[in-house]
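Peer 1: Predicted coordinates and the sequence they were generated for:
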Amino acid sequence: MNWAEFFNMGGYAFHVWTSWALSIGALITIVIVAKLNNAKIKKELERQIRREAKLQQEK
Amino acid sequence: MNPFSIIWKFLDRTYHRLASPREFYTIAQYATPIFGFLSLILIISGAYLGLFEAPADYQQGDSFRIIYVHVPAAWLSLFVYMVMATASAIGLIWRMKMAFVVAICSAPLGAVFTALALITGSIWGKPIWGTWWTWDARLTSELILLFIYFGVMATYYAFEERKTAEKAMAMLSIVGVVIVPIIHYSVEWWTSLHQGQTIFAEGGPRMPADMLTPLILMIFGFMFFYGYALFLAAQNKVLTQERKARWVRELIQKTGNQR
């Protein structure tokens, strides 16, 4: 079997590859969103802790 | 000590550990990479076998290879719902905070799997059935499931007060559980364009081993992926909810110093 034949998927290239790309793409997106969200939350918390420490010092 | 009391003690300890946000967070931290790794291995091997090694179907040709993403997504759309409803019930009955975290973090994941099942099914339906969509029992009930997921999320975010939001969301997801058996048996109860059960068919799976193996691998890969994504989302949720707690402060300072 050659690669051209493989990508052609017996004439169903559009259907097979769209389904696969959407599915794998959705899974990857879920992970990226969660990781970005995690970084954002941690950064926000860090900033808040620093702000509170500063307030404490000024007292 | 008799074995039952040992088992009981173990379950009791695990339950209490899971109930505490801090312990739950620690468990999630350890579980996340394990689930992620297993899911990656299973999906890669399933994809390889499904796309390269499995023979083309004698009726549907290569278009049947959509099954390897369609069936896992559809299976997960129901599995995630069962987890969400069970966690909601545990949360309501035993007032377990972390159970609500599991439930609310599951909802968007379940919605994604449901949407994927509908979309890949539609793409598969076009060449094989000759139509993208039909108001058939299986398809319609799966679409309703998507709306239930949206409803659960909307309910949660509609309330200011977290405890009220959790209770309302949990109630709705428990009531909505009736859709699960309807979807599962829809192909048997009504005449449907959708094909019948393949794996849990009477008299064993209706598929040869070289087509079935990649499907099983993909289903387990998707299940571990759900676990992975759930733990990631749950960690974020716990951090946000417990942001005033001392252990979160210490955790943030520790990771901050490492940089």
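Peer 2: Done, it's in. It should be emphasised that the depicted structure is a prediction, and the values quoted were computed from it without experimental measurement. Numbering: from 1, shown residues only, chains lettered A, B, ... in the order given.
Peer 1: what residues does chain A put near chain B?
Peer 2: Within chain A, the residues that sit near chain B (Cβ under 8 Å from any Cβ of the partner chain) are A:6, A:9-12, A:15-16, A:18-20, A:22-24, A:26-27, A:30-31, A:34-35, A:37-38, A:41-42, A:45-46, A:48-49. (Each C-beta comes from the backbone N, C-alpha and C, glycine too.)
Peer 1: Mind checking which of the residues you listed land in helices?
Peer 2: A:6, A:15-16, A:18-20, A:22-24, A:26-27, A:30-31, A:34-35, A:37-38, A:41-42, A:45-46, A:48-49 (DSSP state H).
Peer 1: List buried members of these by neighbour count.
Peer 2: A:15-16, A:19-20, A:22-23, A:26-27, A:30, A:34, A:37, A:41-42, A:45-46, A:49 (16 or more other Cβ atoms under 10 Å in any protein chain shown).
Peer 1: so what's whichever residue of the stretch 151-259 of chain B sits closest to chain A scoring on pLDDT?
Peer 2: Residue of the stretch 151-259 of chain B nearest chain A, by Cβ to the nearest Cβ: residue B:232 (4.0 Å). On the pLDDT scale, residue B:232 is placed at 97.
Peer 1: and it, what is it in contact with?
Peer 2: Residue B:232 makes contact with A:31, A:34-35, A:38, B:32 under the criterion Cβ atoms under 8 Å, 6 or more residues apart in numbering or on different chains.
Peer 1: Looking at those residues, which is nearest residue B:176?
Peer 2: Checking the contacts of residue B:232 against residue B:176 by Cβ to Cβ gives residue A:34 as the nearest, at 24.5 Å.
Peer 1: Now the nearest residue to that closest one once chain neighbours are set aside: which helix or strand?
Peer 2: Using Cβ to Cβ, 6 or more residues apart in numbering or on different chains and skipping the chain neighbours, the partner closest in space to residue A:34 is residue B:232 (4.0 Å). For residue B:232, the host element (DSSP states H and E) is helix B:209-241.
Peer 1: Please spell out which residues along that helix are buried.
Peer 2: Quick answer for helix B:209-241 (16+ other Cβ under 10 Å): B:211-239, B:241.
Peer 1: so where's chain A shaky on pLDDT?
Peer 2: Scanning chain A for pLDDT under 70 picks out A:1.
Peer 1: Next: the stretch 101-250 of chain B.
Peer 2: B:202-203.
Peer 1: Next one: the spatially closest residue to residue B:116 that is not a sequence neighbour from residue B:109, what distance?
Peer 2: Counting by Cβ to Cβ, 6+ apart, residue B:73 is the residue found nearest to residue B:116 once chain neighbours are left out, at 3.9 Å. Distance, residue B:73 to residue B:109, by Cβ to Cβ, to the nearest Å: 11 Å.
Peer 1: Show me which of these two is the more surrounded one.
Peer 2: residue B:73 (26 against 22; other Cβ atoms under 10 Å in any protein chain shown).
Peer 1: my read: the more buried one touches residue B:111, true?
Peer 2: No: proximity of residue B:73 to residue B:111 does not meet the contact threshold set by Cβ atoms under 8 Å, at 11.4 Å.
Peer 1: center of chain B, which residue is that?
Peer 2: residue B:80 (2.9 Å; Cα atoms, centre = their mean).
Peer 1: so who does the residue nearest to it when sequence neighbours are not counted touch?
Peer 2: The shortest distance from residue B:80 to any non-neighbouring residue, by Cβ to Cβ, 6+ apart, is to residue B:110 (3.6 Å). Counting by Cβ under 8 Å, 6+ apart, residue B:110 makes contact with B:76-77, B:80-81, B:84, B:149.
Peer 1: So which of the residues you listed sit within helices?
Peer 2: Mapping these onto helices (DSSP H) picks out B:76-77, B:80-81, B:84, B:149.
Peer 1: ok and whichever strand or helix holds residue B:105 relative to helix B:209-241, angle-wise?
Peer 2: Using DSSP H and E, residue B:105 maps to helix B:97-129. Calculated by axes from the mean of the first three to the mean of the last three Cα atoms, to 10 degrees, helix B:97-129 forms an angle of 140 degrees with helix B:209-241.
Peer 1: So which bits of helix B:97-129 are buried?
Peer 2: Buried-residue list, helix B:97-129, by 16+ other Cβ under 10 Å: B:97-125, B:127-128.
Peer 1: distance between that helix and the chain's centre?
Peer 2: 8 Å (Cα atoms, centre = their mean, to the nearest Å).
Peer 1: Stretch B:93-107 too?
Peer 2: On Cα atoms, centre = their mean, the centre of stretch B:93-107 falls 14 Å from that of its chain.
Peer 1: Just checking it against chain A, any contact.
Peer 2: No: judged by Cβ under 8 Å from any Cβ, stretch B:93-107 and chain A are separated, with a smallest distance of 9.5 Å.
Peer 1: Residues touching that stretch, excluding its own?
Peer 2: Taking Cβ under 8 Å, 6+ apart as the rule, stretch B:93-107 contacts B:18-21, B:24, B:80, B:83-85, B:87-88, B:90-91, B:149, B:152-153, B:156, B:166, B:169-170, B:173, B:230, B:233-234, B:237-238, B:241.
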